[in-house]
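J.: Okay, sequence plus prediction incoming.
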Amino acid sequence: MIKWKLNQNGYAWAEENERQLCSKYEPTKEAQLWVNAQNFSGKEKQICVVGLGALYHIFELRDRFKDVELILISSGEIDLFNAPTAMQIEWQNLLQSKAWYFSNMSLDRIAELCVIQDFSPAVVLFRAACDFTEIQIYEKLRGLHKGTLLQNNALESKVDKANMCKLLTGVGEKDLINIKSLSTQSAQTNDNEFSKEEKAYLVLKELIR
Amino acid sequence: MKVLVVSLLRIGDFLQIAPTLAKMQVDRQIELHLLLNSGLEQAEALFPQFKYHFFPRAHLQELVVNKNISVLSAFDFLLKFIDKLNLLQFDEVQNWTHNWLSARLIDLIDAKKYSGVRFRAGKLVPISPEEKYMSEIWQSSATPRIDYVDALAKIHGVQPAEKLPAIKREGPIYLQIFTSDIKKNWPQKKWLTLASTLKEIKKANPEFPDVRILCSESEIEKIIPDFFSYPIDVLSFVDLKQALAKASLIVSGDTSIIHLAATSQTPIVGLYLGPANAKKTGPRQKSATILEAQVECSPCFHSQTCSQKRHLCSEQLTEEIVLEGIMRQLEQDFNKQYFIQSIATPEKIHTIYKENLVEVNT
């Protein structure tokens, strides 16, 4: 279940199972930076976004690319039950514009759909808040190699000690994603002494709060 | 005995605590190491008695967030930095920063003794009543019983450096126009009126100090159109310290310059607007004149947008009040401490002298 909260500046932010779905402090700025970082050419007819976070980046994308068809994919259905009313309305308006929303679909079904629909969108991932399934969906849509499964497994179990060491020693560097998508959940419930890597991870996490 | 003090804030925060750290070093006869944010390298020349280490904060942030760089490089870089630090085998580590980053970082540094907010083995060490008080008071707009430096000194069980009086000098009056936060800025047009008035006084009275403008390199373009007829100084901290050591006065908002001036015993007129709270981070000087606005929303919070349609606090602080503060500071007996606060009626100002409110005519 997604919990929606208000920060000191009145911005709504959300978390799901202690995983932040957007910046606690400046979600709109985060959304702007994310759209900037995608380096869209402006010629795209369709953009496929995997991972909906707290929707701020989707709204930003719609604002900037009004005529582009958006294909929005999330692993589970976005839960706006407790979201601010303005956000619910904006989401409904967005769905009535040029936007398709898919959730709770198997990987194969999504790939199949892409083939049937014959679309070839620019596929982007909202790394700041994506989950394991969304990484898989993203890679499938991008036609990436299945060999990344090891990294994905390591990422899913996050800072679980054994996997952390595996992540740091046995995994190729190039496929690791942004640290913000890691979760500290398992680390915070671990009663044993933290490894040096886990402590370092928590320091790095503070740097991007 | 080797003690590492972690202070991962800005130069102004460091300048506030530096005299107390210097006192601690002498009192306890210790080898004092400082861990500061990179970018604060100028501190080395200002306080050469300490040994410095610089936390590569910006570089690590870049490694972490840049999507084209593996996150592993950040781990590698951070752990090598920590390994190097641990080779020094500190006896004691003190956190003078009071934020989660430094508290987490200290968890990686080996020592026999720790003080200040910190994690051990990944868990937050229960905080002392002093730390709790500081956390509560610093997150609210409440007025603290003690200032930032006194509170930190209490947490670490050290004696804060004594507040020094200003020393009367013959050099120029420096006006520092900008602060790091727009909410703390006094309007540039008011600065210009003030500078012109001081220039007029100088014309009528040749013994009156010259007026010089201070700014950083990035501010110079904003300054020049209004202040082209004034000498403008863009100085490094080391040069600035020397300049302040000869100055008759510095007029500034809540900036690092004001804290540097306090260490140089330069007479100070501080314009504390927006989130600037003199009771928390006022200059540590016995005779400083601090001008604050008496508006309901003041002091506000650093991280929040101004809640008003107009910048009420800077509107209330008129050029006349600042001029009054300057003249008083130039003429006063330096053993007194003044807090002059403007109130809703601009015809009058209130002088708070040693906690007693005394109404005076302007």
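T.: Arrived safely, thanks for sending.

J.: Show me what from chain B comes close to chain A.
T.: B:57, B:60-61, B:64-65, B:67, B:70-75, B:78-79, B:82, B:100-101, B:104-105, B:107-108, B:119, B:121-122, B:301, B:303-305 (Cβ under 8 Å from any Cβ of the partner chain). From N, CA and C alone the C-beta is placed, and that goes for glycine too.

J.: Tell me which of those fall in strands.
T.: Mapping those onto strands (DSSP state E) picks out B:Phe119.

J.: Quick check: ChimeraX command selecting the buried ones in the residues of chain B next to chain A.
T.: The ChimeraX selection below is limited to those of the residues of chain B next to chain A classed as buried (16 or more other Cβ atoms under 10 Å in any protein chain shown):
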select /B:60,64,65,70,71,72,73,74,75,78,79,82,100,101,104,105,107,108,119,122
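
J.: Among the residues of chain B next to chain A, which are located in helices?
T.: Those of the residues of chain B next to chain A mapping onto helices are B:57, B:60-61, B:64-65, B:71-75, B:78-79, B:82, B:100-101, B:104-105, per DSSP state H.

J.: where along chain A do the helices fall?
T.: Under DSSP H, chain A gives helices at A:27-37, A:56-64, A:85-96, A:107-117, A:132-142, A:149-156, A:161-169, A:185-188, A:196-207.

J.: Could you report the neighbour count for residue 39?
T.: As the question left the chain open, I've gone with chain A. 8 (other Cβ atoms under 10 Å in any protein chain shown).

J.: try chain B instead
T.: Neighbours of B:Gly39 (other Cβ under 10 Å): 14.

J.: Kindly report the same for A:Gln46.
T.: There are 16 residues near A:Gln46, going by other Cβ under 10 Å.

J.: where do the helices sit along the stretch 1-150 of chain B?
T.: Assigned by DSSP state H, counting those that start in this stretch, the stretch 1-150 of chain B shows helices spanning B:11-28, B:43-46, B:57-65, B:71-86, B:100-106, B:129-138, B:148-155.

J.: now these in JSON lines, with mean pLDDT?
T.: JSON lines is the format used below for the helices of the stretch 1-150 of chain B (pLDDT from 0 to 100):
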{"stretch": "helix B:11-28", "mean pLDDT": "96"}
{"stretch": "helix B:43-46", "mean pLDDT": "95"}
{"stretch": "helix B:57-65", "mean pLDDT": "84"}
{"stretch": "helix B:71-86", "mean pLDDT": "88"}
{"stretch": "helix B:100-106", "mean pLDDT": "92"}
{"stretch": "helix B:129-138", "mean pLDDT": "76"}
{"stretch": "helix B:148-155", "mean pLDDT": "90"}
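
J.: which regions of the chain sit below the pLDDT cut-off?
T.: The chain I'm using is chain A. A:107-120, A:143-193, A:209 (pLDDT under 70).

J.: That was the other one, I meant chain B.
T.: B:67-68, B:71, B:137-142, B:303, B:332-362.

J.: looking at the helices of the stretch 1-150 of chain B, which is buried most?
T.: helix B:100-106 (a mean of 23; mean count of other Cβ atoms under 10 Å in any protein chain shown).

J.: Name the surrounding residues that touch that one.
T.: A:199, A:202-203, A:206-207, A:209, B:6-8, B:35, B:55, B:93, B:95, B:97, B:114, B:116-119, B:124 (Cβ atoms under 8 Å, 6 or more residues apart in numbering or on different chains).

J.: ok, now stretch B:25-39?
T.: B:1-10, B:14, B:21, B:24, B:43, B:49-59, B:85, B:88, B:90, B:105, B:158-159.

J.: From these, list just the buried residues.
T.: Here, 16+ other Cβ under 10 Å leaves B:3-9, B:14, B:21, B:24, B:43, B:50, B:53-55, B:85, B:90, B:105, B:158 buried among these.

J.: Check which residues of stretch B:244-251 are buried.
T.: B:244, B:247-251.

J.: okay if I get these as JSON lines plus distance to B:Lys199?
T.: Output for the buried residues of stretch B:244-251, formatted as JSON lines (distance: Cβ to Cβ, whole Å):
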{"residue": "B:Leu244", "distance to B:Lys199": "21"}
{"residue": "B:Ala247", "distance to B:Lys199": "17"}
{"residue": "B:Ser248", "distance to B:Lys199": "15"}
{"residue": "B:Leu249", "distance to B:Lys199": "15"}
{"residue": "B:Ile250", "distance to B:Lys199": "17"}
{"residue": "B:Val251", "distance to B:Lys199": "14"}
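
J.: could the residues you listed go into CSV alongside secondary structure?
T.: Output for the buried residues of stretch B:244-251, formatted as CSV (DSSP: H, G, I helix; E, B strand; the rest coil):
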residue, secondary structure
B:Leu244, helix
B:Ala247, coil
B:Ser248, coil
B:Leu249, strand
B:Ile250, strand
B:Val251, strand
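
J.: wait, which of those residues is closest to chain A?
T.: Nearest to chain A, judged by Cβ to the nearest Cβ, of these is B:Val251 at 31.7 Å.

J.: just to revisit the earlier point, pipe the helices of the stretch 1-150 of chain B into JSON lines and attach distance to B:Lys190 per row.
T.: Shown next, in JSON lines, are the helices of the stretch 1-150 of chain B (distance: least, Cβ to Cβ, whole Å):
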{"stretch": "helix B:11-28", "distance to B:Lys190": "22"}
{"stretch": "helix B:43-46", "distance to B:Lys190": "31"}
{"stretch": "helix B:57-65", "distance to B:Lys190": "34"}
{"stretch": "helix B:71-86", "distance to B:Lys190": "45"}
{"stretch": "helix B:100-106", "distance to B:Lys190": "37"}
{"stretch": "helix B:129-138", "distance to B:Lys190": "30"}
{"stretch": "helix B:148-155", "distance to B:Lys190": "28"}
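
J.: The closest residue to B:Lys189 other than its chain neighbours: neighbour count?
T.: Distances taken as Cβ to Cβ, 6 or more residues apart in numbering or on different chains place B:Asp226 nearest to B:Lys189, at 7.6 Å, with adjacent residues excluded. Using other Cβ under 10 Å, B:Asp226 has 15 other residues around it.

J.: rewinding a little: for the helices of the stretch 1-150 of chain B, which one sits closest to A:Gln88?
T.: Proximity to A:Gln88 (Cβ to Cβ) singles out helix B:57-65 among those, at 30.4 Å.

J.: Which strands or helices does the closest one pack on?
T.: For helix B:57-65, the packing partners by 3 or more Cβ pairs under 8 Å, 6 or more residues apart in numbering or on different chains; DSSP states H and E come out as helix A:196-207, helix B:71-86.

J.: Minimum distance to B:Ile257: which of those has it?
T.: helix A:196-207 (27.7 Å).

J.: Is there proximity between the closest one and chain B?
T.: Yes. Under the criterion of Cβ under 8 Å from any Cβ, chain B is reached by helix A:196-207 at A:196-204, A:206-207.

J.: mind listing what's buried in that helix?
T.: A:197-207.

J.: Report the angle between it and helix B:71-86.
T.: Orientation of helix A:196-207 against helix B:71-86 (axes from the mean of the first three to the mean of the last three Cα atoms, to 10 degrees) gives an angle of 110 degrees.

J.: elements contacting helix A:196-207?
T.: If you count contacts as 3+ Cβ pairs under 8 Å, 6+ apart, helix A:196-207 packs onto helix A:161-169, helix A:185-188, helix B:57-65, helix B:71-86, helix B:100-106.

J.: The same query, at a cut-off of 10 Å, please.
T.: Packing contacts for helix A:196-207, counted by 3 or more Cβ pairs under 10 Å, 6 or more residues apart in numbering or on different chains; DSSP states H and E, involve helix A:161-169, helix A:185-188, helix B:57-65, helix B:71-86, helix B:100-106, strand B:119-120.

J.: Now the residue in the stretch 101-250 of chain B that chain A sits nearest to. Its backbone dihedrals?
T.: Nearest residue of the stretch 101-250 of chain B to chain A (Cβ to the nearest Cβ) works out as B:Gly122 at 3.7 Å. Here is the backbone geometry of B:Gly122 (degrees, to the nearest 10): phi 80, psi 0.

J.: For it, give its distance to B:Arg104.
T.: Using Cβ to Cβ, to the nearest Å, B:Gly122 is found at 9 Å from B:Arg104.
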